[in-house]
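Q: What follows is a protein structure lacking sequence information:
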């Protein structure tokens, strides 16, 4: 665990091998990190536990020490890979259980799909909340209705926790998402499906920085 | 963890909700235990982590203290439910990792699909080996070729570890499987799909005991 606890959520890559095509995931992640990604979440659904662990270990090996590796859903894989953290959805294991095994130094994130879940998260031992989905997206279809930019503005008023925005975010809307109050944005296809992941990450990162400083 | 370490493998139920039809899993398991099942393994593939944990906790609540609850594949669910053990396949997490987190008192089982895997298991921290599949079965189609009864006889000669036979075992062949050297048999459909799980378990148990004492 190299976590410095509160991670820099600025540009948070969520992996999807299906979108990466023939490119090895490690290569794609390396390029994305070179382009300015600040956190990497391994999220792979259709693989065995062993394969999930192997992917986690492969990513861990290539990530620079300042970029945390977060595992989606699987507490056991996070433990076995000594990852920096775990991202949980509402139908994953309870955050309390994850915290018990991962310890106080690990980064634990939780997806909230509506204001009720945001309120419930108040007493949960998590380090950031992912507001999901901001926009509807073909990458993940098992979500609730979209929060929209107004929903994100409301969410920002309801909590002081770091907020990660996810769902349908790309070059065309990332600035608005940051202006609406997100501490960072998570992207899947905007980087994983890009012909040049490094360039895609670099553009997103620049747009985020510009939105933060108001220079656009 | 209530494990007394080496479990009585005699009649080992592996759950499959799809086969249980409309019957709640807890009810089916209670009936099977009343009929003589000695171990229960929760094996459910198409459910969320949260649901898997909830099923594990529900089974834990109804199982008598002498019947161990083993979780298939998911180390994190085994930890979170404080189950008695974990059953691992060849594409699940490595047994060493499971042992590290579950501790020496937990029951850890490993499926071996061929003599090479049986040999490799020699130095692994597992408590029993599941020889799979003995016969081909429609319940699990991602297996290697069947060991057959002769393969089980060979396996028995290759290791002194407790051997659990699994795959296509039912009333018609259970006696032969025990005679071939299995310490116990695991069944899925022979109990989960039975109209009367208690009766099905009782018959299997009687056939096993008779095969052991040679009174048939």
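A: The structure has been received and is ready for your questions. Values in this document were obtained by computation on a predicted structure and should not be read as measured data. Numbers count the residues shown, from 1 in each chain, chains lettered A, B, ... in the order given.
Q: Any idea which helix or strand in chain A has the lowest mean pLDDT?
A: Ranked by mean pLDDT, DSSP states H and E, the weakest helix or strand in chain A is helix A:17-20, scoring a mean of 90.
Q: buried stuff in that helix?
A: Using 16 or more other C-beta atoms under 10 Å in any protein chain shown as the test for burial, helix A:17-20 gives A:17, A:19, A:20. C-beta: built from backbone N, CA, C; applies to glycine.
Q: so when I look at residue A:70, I'm seeing a strand, right?
A: Yes: Residue A:70: assigned to a strand according to DSSP: H, G, I helix; E, B strand; the rest coil.
Q: how close does it get to chain B?
A: According to C-beta to the nearest C-beta, to the nearest Å, residue A:70 and chain B sit 15 Å apart.
Q: doesn't residue A:40 make contact with that residue?
A: Yes: shown here, residue A:70 and residue A:40 form a contact pair, counting by C-beta atoms under 8 Å, at 7.0 Å.
Q: taking the mean pLDDT, what do you get for the helix or strand that the least confident helix or strand of chain A is followed by?
A: The helix or strand immediately downstream of helix A:17-20 is helix A:25-34, counting by DSSP states H and E. The predicted model assigns helix A:25-34 a mean pLDDT of 98.
Q: Centre of the chain to helix A:25-34, how far?
A: Centroid separation for helix A:25-34 versus its chain: 15 Å, with C-alpha atoms, centre = their mean, to the nearest Å.
Q: now the strands for chain A?
A: For chain A, applying DSSP state E gives strands covering A:11-14, A:39-42, A:69-72, A:85-88, A:107-112, A:128-131, A:163-166, A:184-187.
Q: okay if I get those strands as JSON lines plus mean neighbour count?
A: Below are the strands of chain A laid out as JSON lines (neighbours: other C-beta atoms under 10 Å in any protein chain shown):
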{"stretch": "strand A:11-14", "mean neighbour count": "26"}
{"stretch": "strand A:39-42", "mean neighbour count": "26"}
{"stretch": "strand A:69-72", "mean neighbour count": "25"}
{"stretch": "strand A:85-88", "mean neighbour count": "28"}
{"stretch": "strand A:107-112", "mean neighbour count": "25"}
{"stretch": "strand A:128-131", "mean neighbour count": "25"}
{"stretch": "strand A:163-166", "mean neighbour count": "27"}
{"stretch": "strand A:184-187", "mean neighbour count": "26"}
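Q: Present those as TSV; the columns should include mean pLDDT and distance to residue B:27.
A: Below are those laid out as TSV (pLDDT from 0 to 100; distance: least, C-beta to C-beta, whole Å):
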stretch	mean pLDDT	distance to residue B:27
strand A:11-14	98	40
strand A:39-42	98	38
strand A:69-72	98	34
strand A:85-88	98	31
strand A:107-112	98	33
strand A:128-131	98	38
strand A:163-166	98	40
strand A:184-187	98	42
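Q: Which strand residues bridge residue A:164?
A: Assessed by DSSP bridges, residue A:164 has beta-bridge partners residue A:130, residue A:184.
Q: Distance of it relative to chain B?
A: Residue A:164 is 20 Å from chain B, by C-beta to the nearest C-beta.
Q: mind listing what the closest residue to residue A:51 other than its chain neighbours touches?
A: Sequence neighbours aside, residue B:91 is the residue nearest to residue A:51 in space, at 6.8 Å (criterion: C-beta to C-beta, 6 or more residues apart in numbering or on different chains). By C-beta atoms under 8 Å, 6 or more residues apart in numbering or on different chains, the contact list for residue B:91 reads A:48, A:49, A:50, A:51.
Q: Pull up the distance across stretch A:130-141, start to finish.
A: End-to-end distance for stretch A:130-141: 16 Å, by C-alpha to C-alpha, to the nearest Å.
Q: buried set for that stretch?
A: A:130, A:131, A:132, A:133, A:134, A:135, A:137, A:139, A:140.
Q: So what touches it?
A: A:16, A:19, A:87, A:109-113, A:118, A:143-144, A:146-149, A:151-152, A:155, A:163-169, A:173, A:177, A:182, A:186, A:188-189.
Q: One more: stretch A:189-207?
A: By C-beta under 8 Å, 6+ apart, the surrounding residues in contact with stretch A:189-207 are A:10-11, A:13, A:15-16, A:19-20, A:28, A:31-37, A:137-139, A:169-171, A:174-175, A:185, A:187, A:216.
Q: how far away is residue A:89 from chain B?
A: 8 Å.
Q: Do I have it right that that residue meets residue A:74?
A: No: counting by C-beta under 8 Å, residue A:89 does not reach residue A:74; the two are 11.5 Å apart.
Q: out of the two, which sits in the more crowded spot?
A: Per other C-beta atoms under 10 Å in any protein chain shown, whichever of residue A:89 and residue A:74 has more neighbours is residue A:74, with 28 against 22.
Q: Tell me if I'm right that that one and residue A:49 touch.
A: Yes: judged on C-beta under 8 Å, residue A:74 makes contact with residue A:49 at a distance of 7.4 Å.
Q: Report the angle between the longest helix along chain A and helix A:25-34.
A: What stands out as the longest helix in chain A, according to DSSP state H, is helix A:197-213. Helix A:197-213 and helix A:25-34 are oriented at 30 degrees to each other (axes from the mean of the first three to the mean of the last three C-alpha atoms, to 10 degrees).
Q: And helix A:197-213, what's buried?
A: Quick answer for helix A:197-213 (16+ other C-beta under 10 Å): A:197, A:198, A:200, A:201, A:202, A:203, A:204, A:205, A:207, A:208, A:211.
Q: how about TSV for the residues you listed, with pLDDT added?
A: Converted to TSV, these look like this (pLDDT from 0 to 100):
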residue	pLDDT
A:197	97
A:198	98
A:200	98
A:201	98
A:202	98
A:203	98
A:204	98
A:205	98
A:207	98
A:208	98
A:211	97
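Q: Closest one of the residues you listed to chain B?
A: Taking C-beta to the nearest C-beta as the measure, residue A:197 is the one of the buried residues of helix A:197-213 closest to chain B, at 28.6 Å.
Q: How about the residues of chain A by chain B?
A: A:48-51, A:53, A:73-77, A:79-80, A:90-94, A:97, A:101 (C-beta under 8 Å from any C-beta of the partner chain).
Q: go again using 6 Å as the cut-off
A: Counting by C-beta under 6 Å from any C-beta of the partner chain, the residues of chain A close to chain B are A:48, A:49, A:50, A:73, A:75, A:76, A:80, A:91, A:92, A:93, A:97.
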